[in-house]
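# need a structure here:
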Amino acid sequence: MPPRLSLTDVQKTFGLTKVLHGVALTVQPGEVHGLLGENGAGKSTLLNILCGVLTCDSGQIAIDGAAVHIASPRDATTAGIAMIHQELQQVPELTVTQNIFLGHALRRGIFVDRARQEAEAKRLLSALDPAIDVTAPIRSLRVAQRQIVEIAKALRGNAKIIAMDEPTSSLTPAEFEKLVAVIAKLSAQGVSVIYVSHKMDEVFRVCQTATILRDGRLIAQVPIPATPVSDVIELMVGRELAKSTHQSHATNRTLLKVIGLSRGRAVQDATFDLRAGEVLGIAGLVGSGRTELMRLIAGVDRADTGHIEVAGAVIPAGPRARITAGLGLVPEERKRDGIIRHRPVTSNTGLPAMRRFSRLGVIRRAMLRAKTEDLMRQVNLRPLDVARPIGSFSGGNQQKAIIGRWLAAGTQIFLFDEPTRGIDVGAKAEIYDLIERLAAEGKAVLFVSSELPEVIRLADRVLVMREGKISATLGPDQITEAHIARHAIPST
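All right, here's what the predicted structure looks like:
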């Protein structure tokens, strides 16, 4: 039996930069195949070629042994290829059924046959998640359910190959388990799945084989069950990652006090303190109020009641007052809320502290550039090109640039919301080292993470949130997955 998908000698160049150097990929029918590599390795480019967003300069694509030419997304759909994007391609105001049939409505004469569409949507979802209401607006569904709707849409088009790009970036552990079950059903039906993730535990849970790219080149195709995780990571990054452990730098000097912060039911009476040199984690299920609490502390949203104090002084509400007081937020949605994508690194670095680089209202560009270059060396921005648009950097390097921005502003209290979401294993280790360095310099770090190993790796203490409230504060000897889960999961 021929492979379900075969890519041979695929090459792609943008301008003078060659991003794919003769890459090959082979996926069998019903196989869950990992596509792994650091940010910038070429994974997205390869998927975009496969899905018709880009065309390759040279190379061959074959499905079930027959050569295909893919020059557009429609060609990919016709060939049986579907893509579940990390940022779901849906219209929030339309219903589940309307999103499944978007652009391919079933008609009776000149009219849309709504009854037949709903019946077909129910049939497609019955094997995936029959609890989804096909008449509900897509915006009312959880992220995991919205992903399942995208899978149903792919199956409507008789997809033989479904590529999933970071499918669990916003999922709870329970929702991940549901996705695992859906992938198993797809595999049993003979549908091949290409699975892209930076989370090694997920890859080893769902994938049989993985193709590893580095710098646009094929490094290896390995059997996942028989290959140690450390070997896979070393193939991805080209080096053995140094294993580091958390060393506490917490002092007795309180930098931040949060007193009775509340906003509706999202955050209720949050009270805690944060010390100089401390790394304080916030854990909890998605929807427990973690991000909402960070936004209140940063002044992005206004609290109904409560306030914060920095070094003993009450700080007014609002982002500017909080920035002036030495707080800096590294947001969860980095691309949407953290950067101006088409502006250079220099402009993004100076955003919160432009007055420091101005004289009589005129920006001193040479001064800003010199300071930015110095800071970007400190955070190891790669490549070190501060005139380049920040949106053209990988996610890990964007995160480094945002950290550099707050260093430029003289920030003493760093607020990280999901600091390594969508970041590869190599860059993740660098972000961990930066957080440790900030703490060693006496700065305070408050961070939210959905990854319990990350919370355990970084935190001196952990606040656990449940249904908008801080349900527990865990000391160093209590920070385990079992303890966190016990306080995070609502009692029945």
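
# From here on, just use CA atoms for contacts and neighbour counts.
OK.

# Show me where the stretch 251-400 of the chain has its strands.
Using DSSP state E, counting those that start in this stretch, the strands of the stretch 251-400 of the chain run over 254-263, 267-275, 279-284, 305-310, 313-315, 327-330, 358-359, 362-363.

# In TSV: the ones you listed, plus mean neighbour count, distance to Glu481 and mean pLDDT.
Compiled in TSV, the strands of the stretch 251-400 of the chain are given as follows (neighbours: other Cα atoms under 10 Å; distance: least, Cα to Cα, whole Å; pLDDT from 0 to 100):
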stretch	mean neighbour count	distance to Glu481	mean pLDDT
strand 254-263	20	25	98
strand 267-275	19	22	97
strand 279-284	26	10	96
strand 305-310	19	29	97
strand 313-315	14	35	97
strand 327-330	26	25	96
strand 358-359	12	48	78
strand 362-363	12	49	78
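
# Identify whichever of those strands lies nearest to Gln11.
strand 327-330 (35.9 Å; Cα to Cα).

# packing partners for the closest one?
For strand 327-330, the packing partners by 3 or more Cα pairs under 8 Å, 6 or more residues apart in numbering; DSSP states H and E come out as helix 290-298, helix 395-408, strand 413-417.

# redo that, cut-off 10 Å
Applying 3 or more Cα pairs under 10 Å, 6 or more residues apart in numbering; DSSP states H and E, one finds that strand 327-330 makes contact with helix 290-298, helix 319-324, helix 395-408, strand 413-417, strand 444-448.

# Now do the contacts for the spatially most distant residue from the centre of the chain.
No residue in the chain sits farther from the centre than Gly109, which is 43.8 Å out by Cα atoms, centre = their mean. Applying Cα atoms under 10 Å, 6 or more residues apart in numbering to Gly109 gives no contacts.

# Over to stretch 125-134 now: how far is its first residue from its last?
Stretch 125-134 has an end-to-end distance of 9 Å (criterion: Cα to Cα, to the nearest Å).

# Kindly report the same for stretch 7-22.
This stretch, stretch 7-22, spans 10 Å end to end (Cα to Cα).

# Show me what counts as buried in that stretch.
Within stretch 7-22, the residues scored as buried using 16 or more other Cα atoms under 10 Å are Leu7, Asp9, Val10, Gln11, Lys12, Val19, Leu20, His21, Gly22.

# How far does that stretch sit from its chain's centre?
Distance of stretch 7-22 from the chain centroid (Cα atoms, centre = their mean, to the nearest Å) equals 26 Å.

# hang on, the earlier thing: looking at the helices and strands packed on strand 327-330, which has the lowest confidence?
Lowest mean pLDDT within these: helix 395-408, at a mean of 91.

# Where does pLDDT dip in the stretch 351-492 of the chain?
Across the stretch 351-492 of the chain, the ranges flagged by pLDDT under 70 are 491-492.

# can you redo the helices and strands packed on strand 327-330 as a markdown table with distance to Ser44?
Formatted as a markdown table, the helices and strands packed on strand 327-330 follow (distance: least, Cα to Cα, whole Å):
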| stretch | distance to Ser44 |
| --- | --- |
| helix 290-298 | 28 |
| helix 319-324 | 35 |
| helix 395-408 | 12 |
| strand 413-417 | 24 |
| strand 444-448 | 27 |
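
# Let me know which of these is the nearest to Ala226.
helix 395-408 (29.1 Å).

# Show me what counts as buried in the closest one.
So, applying 16+ other Cα under 10 Å, buried residues of helix 395-408: 395-408.

# any idea of the angle that helix forms with strand 413-417?
With axes from the mean of the first three to the mean of the last three Cα atoms, to 10 degrees applied, the angle from helix 395-408 to strand 413-417 works out at 160 degrees.

# Give me the helices and strands touching helix 395-408, please.
strand 327-330, helix 345-350, helix 365-378, strand 413-417, helix 425-440.

# Would you tell me which of these gets closest to Ala119?
Distance to Ala119, taken as Cα to Cα, is lowest for strand 413-417 among the helices and strands packed on helix 395-408, at 41.0 Å.

# Look at stretch 203-213 and report the distance between its end residues.
Using Cα to Cα, the span of stretch 203-213 from its first residue to its last is 15 Å.

# Under the pLDDT cut-off, which ranges of the stretch 1-150 of the chain? List them.
Within the stretch 1-150 of the chain, no range satisfies pLDDT under 70.

# So which residues of it form strands?
Using DSSP E, counting those that start in this stretch, the strands of the stretch 1-150 of the chain run over 5-14, 17-27, 32-36, 58-63, 66-68, 81-84, 107-108, 111-112.

# Kindly reformat those strands as JSON lines containing distance to Val206.
What follows is the strands of the stretch 1-150 of the chain, written out as JSON lines (distance: least, Cα to Cα, whole Å):
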{"stretch": "strand 5-14", "distance to Val206": "19"}
{"stretch": "strand 17-27", "distance to Val206": "15"}
{"stretch": "strand 32-36", "distance to Val206": "7"}
{"stretch": "strand 58-63", "distance to Val206": "23"}
{"stretch": "strand 66-68", "distance to Val206": "28"}
{"stretch": "strand 81-84", "distance to Val206": "16"}
{"stretch": "strand 107-108", "distance to Val206": "38"}
{"stretch": "strand 111-112", "distance to Val206": "39"}
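
# Show me how the protein divides into domains.
With automatic domain parsing as the criterion, the domains of the chain are listed as 5-237, 254-488.

# First-to-last residue distance for the shortest one?
Using Cα to Cα, the end-to-end distance of domain 5-237 comes out at 26 Å.

# Relative to the whole chain's centre, how far out is it?
16 Å.

# before we move on, what about the longest one?
Counting by Cα atoms, centre = their mean, domain 254-488 is centred 16 Å from the centre of its parent chain.

# rewinding a little: find the pair from the buried residues of stretch 7-22 with maximum spatial separation.
The largest separation in these, counting by Cα to Cα, is between Leu7 and Val19 at 15.7 Å.

# How about the contacts made by Ile413?
Ile413 sits in contact with 255-256, 274-278, 298, 310, 322-323, 325-329, 406, 438-439, 442-446, where contact means Cα under 10 Å, 6+ apart.

# ok, it to Leu274 distance?
Counting by Cα to Cα - Ile413 and Leu274 are separated by 9 Å.

# just Ser44 next, same as before
Distance, Ser44 to Leu274, using Cα to Cα: 39 Å.

# would you turn the helices and strands packed on helix 395-408 into CSV with distance to Phe204?
Shown next, in CSV, are the helices and strands packed on helix 395-408 (distance: least, Cα to Cα, whole Å):
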stretch, distance to Phe204
strand 327-330, 30
helix 345-350, 36
helix 365-378, 34
strand 413-417, 26
helix 425-440, 15
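
# and Pro173, what does it touch?
Leu179, Leu285, Val286, Ser450, Glu451.

# what do you get for Gly404?
Residues near Gly404 by Cα under 10 Å, 6+ apart: 345, 348-350, 371-381, 398, 410-411.

# With Met83 instead?
Applying Cα under 10 Å, 6+ apart to Met83 gives the contacts 47-48, 50-51, 73, 76-77, 89, 150-151, 154, 159, 161-165, 193-194.

# Quick one, which of those are buried?
47-48, 50-51, 73, 76-77, 150-151, 154, 159, 161-165, 193-194.

# my read: Arg341 touches Ser392, true?
Yes: under the criterion of Cα atoms under 10 Å, Arg341 makes contact with Ser392 at 7.6 Å.
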